[in-house]
Each structure stands twice: as structure tokens, then as C-alpha cells.
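Trainee: structure for this input, please:
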Amino acid sequence: MKEPDIGRVILVGAGPGAPDLLTLRAARALAAADVVVHDGLIDPAVLDLAPPHARRISVAKQRARHTLSQDKIGDLLVTEARAGNLVVRLKGGDPFVFGRGGEEVAACRAADIAVEVIPGVSSALGAAAEALLPLTHRDHASSVSFVAGQCKGLSDQNWAGLAGKGRTLVIYMGVSAADAIAEKLIADGLSPDTPCAILERGTLPGSRALRTLLADLGGAVVREKIASPALLVVGDVAALGTADNVLIRLTQSIDA
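Mentor: Predicted structure coming up:
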């Protein structure tokens, strides 16, 4: 019996959430898929771009609870490709921006499986664009940095120089640690009055863009019942765009 031809793996960035922010190349890859291995926040309309016969396998991750470990996800991609399948690994945002895409590419290459990466609109870019909030601006910020707020040893992370005058800091996975993040940045010398924006469910139904000050970032998250997925933006650009001013007014009334 003839052995099946070895398949391949394509890591596809699904963008920040809205199905129509997928790239054409991503849509074509999905249309050709035999197997779709997907994250938990992928819109069903995106999954519908795969053929009816394509198997859908969820590897959804939640805070402190993973369906599969990262190593097991790599093993799954390799196993399905070795069975002769075109495997689309569908990841929210961009595979190489806090998407662990590098680990999955390494797993495929170690197993001699052909692998390709199709970039996606990162969550930060999509959510900021929806809120009309420029991450860089000639008058306000000439650099932007992306950090993960949910990590071990947050207080030991060196964020020196990432936030301040002329700089924008975008924090992924930072909602649950918003208080600690604000304390860390203030302890590092950032003004408590630094503008911040909270971008919740960017590009998805029910999205919100809210504005506050660094000193009240944790309080704003609690008062407004912010839930993931959400991004925190720290810097002068956070005062721009269409974010709701209600939070900054609340902060000012507290300080008064």
C-alpha cells in the first residue's frame, strides 16, 4: 500500500477578530485546508471559510487552563501533516506577535515538515485602528513597544525606556495585572497622569475603547468590568482617537 504524501503546515494569522480583516492569502489557505487547528477566539465565520470536509480541531487556551500544551500542539501539527494533510494552524492576530508561532515553526522544521507563515493584522493594530488611535504620531510618539502583561515575575521584567515621552507601550494580556502594571510603571518613573486607553474586544461585536490615567488603570478595569480580550495602551497617543472620556472624568473627580 502506497504511503500518503507528506502534507504541510500553514500558520495563518486570523487577525484581531473581524472576519473581513483576514488577508486574501489567509482565505485561500483556509479554502484548501484538510485540517484546521484553531484558537478559541476565532470567529465561526472565519472557520466557515474552510471546506465542509475539513476537520476543525480546537486547541483553545484560557488563563491557567490549556486544552493542549504547546508541545502537544506541535506534535498534532506534525502528525496531521505526516498523514498527508494540508494543515492550517489558525491563530488570532499575527502568528509571530505573542502567538507562539516561532515554537510551532520550530516543531515542524525539526520533523522535516514543510511550513509556511501567513501574517495577520495584529490585535494591537486592529483595535487601535478601530478606535482611531494612532500608535505612533509625529507630534506624540516616534516609537511603539509591545509587551506581555501576563507573565511570571512581572516585577522583575525590565521595561526601562519602553514608556514615557515620545513612546507608546502596548500591553497584551494585561487586564488581570493592570494594578501591578501601573504600579511598576509609576515606580519606574512614569507620571501617574500618563494617558492610558483600554481597548476591549477590538473589531469584535461589543468592542469598547475607554480612556483613563495610569494612576487609575487598575481601578478603571474593575469599575468598567473589563474582560479579555483587551489591550492596554500607555502614552500620550492614548489621549487621541475616539475613546470614551468617561473614565478620565471619573479619575479627575476622585482626585478632586
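
Trainee: could you pull out the helices for the stretch 151-256 of the chain?
Mentor: Using DSSP state H, counting those that start in this stretch, the helices of the stretch 151-256 of the chain run over 178-187, 217-223, 246-255.

Trainee: weakest of those helices by average pLDDT?
Mentor: Ranked on mean pLDDT, the bottom entry among those is helix 246-255, at a mean of 50.

Trainee: what about the stretch 151-256 of the chain, any weak spots by pLDDT?
Mentor: Low-confidence segments of the stretch 151-256 of the chain, defined by pLDDT under 70, are located at 151-153, 155, 243-256.

Trainee: recalculate using a threshold of 90.
Mentor: Applying pLDDT under 90 to the stretch 151-256 of the chain picks out residues 151-161, 163-164, 188, 241-256.

Trainee: need the strands for it, in chain order.
Mentor: For the stretch 151-256 of the chain, strands defined by DSSP state E, counting those that start in this stretch occupy the ranges 166-172, 195-200, 208-213, 230-234.

Trainee: following the helix ranked longest in the chain in sequence, what is the next regular element?
Mentor: In the chain, assigned by DSSP state H, the helix with the most residues is helix 70-82. Using DSSP states H and E, the helix or strand that follows helix 70-82 in sequence is strand 86-91.

Trainee: what is that next one packed up against?
Mentor: Other helices and strands packing on strand 86-91, by 3 or more Cβ pairs under 8 Å, 6 or more residues apart in numbering; DSSP states H and E, are strand 8-13, helix 24-31, strand 35-38, helix 70-82. All C-beta spots, glycine's among them, are computed from the backbone N, C-alpha and C.

Trainee: tell me the strands beside it, with direction?
Mentor: In the sheet containing strand 86-91, its partner strands are strand 8-13 (parallel), strand 35-38 (parallel), by DSSP bridges.

Trainee: now the longest one: average pLDDT?
Mentor: Taken as a whole, strand 8-13 has a mean pLDDT of 98.

Trainee: what angle do it and helix 24-31 make?
Mentor: Strand 8-13 runs at 130 degrees relative to helix 24-31, counting by axes from the mean of the first three to the mean of the last three Cα atoms, to 10 degrees.
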